[in-house]
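Engineer: please work out how this folds:
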Amino acid sequence: MNLPPLIQEPLVSVDCTPDHEYPIRILRAHRANCNCRWKTSGLSAEQTRFYELMNHVCELRAQILDDAIRKLELAPAGPLI
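Structural biologist: Predicted coordinates:
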């Protein structure tokens, strides 16, 4: 199956240094990947609907991650294990 191109390449790694910033780095990387959307120009109507739905789901994930990131940024840092 040939996939249409993305408007942005996804992040494939995260700095896994075990510190207080690690959880938020993971969330921010996932959030950045929500900006990777499928290009739909030149596709059939059926394909366009399918990839537009996938792009919409990325927007929904982005909203959830934005909320989680805000909460984590406001939370006090606990002790490292």
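Engineer: and D15, helix, strand or coil?
Structural biologist: coil (DSSP: H, G, I helix; E, B strand; the rest coil).
Engineer: contact partners for it?
Structural biologist: Y22, R25 (Cβ atoms under 8 Å, 6 or more residues apart in numbering). Any C-beta I mention is one placed from the backbone N, CA and C, and that applies to glycine too.
Engineer: equivalent analysis for R25, please.
Structural biologist: V14, D15.
Engineer: check which helix or strand it maps to.
Structural biologist: Element membership of R25, judged by DSSP states H and E, is helix 22-33.
Engineer: tell me which helix or strand comes right after that helix.
Structural biologist: Immediately after helix 22-33, counting by DSSP H and E, sits helix 45-74.
Engineer: what packs against that next one?
Structural biologist: Here helix 45-74 touches helix 22-33, going by 3 or more Cβ pairs under 8 Å, 6 or more residues apart in numbering; DSSP states H and E.
Engineer: tilt between the helix it packs on and helix 45-74?
Structural biologist: 150 degrees (axes from the mean of the first three to the mean of the last three Cα atoms, to 10 degrees).
Engineer: now do the buried residues in the helix holding R25.
Structural biologist: L27, R28, A29, H30, R31, N33 (16 or more other Cβ atoms under 10 Å).
Engineer: now it: average pLDDT?
Structural biologist: If you average the pLDDT over helix 22-33, you get 95.
Engineer: now do stretch 43-58
Structural biologist: 95.
Engineer: just the buried residues of helix 22-33 now: which is nearest M54?
Structural biologist: The nearest member of these to M54, counting by Cβ to Cβ, is N33 at 12.8 Å.
Engineer: just give the closest residue to the closest one, not the sequence neighbours.
Structural biologist: Leaving out its chain neighbours, the residue that sits closest to N33 by Cβ to Cβ, 6 or more residues apart in numbering is P10, at 4.6 Å.
Engineer: residues in contact with the one you found?
Structural biologist: Counting by Cβ under 8 Å, 6+ apart, the residues that P10 touches are A32, N33, C36.
Engineer: for W38, same thing?
Structural biologist: L3, P4, P5, L6, I7, Y51, M54, N55.
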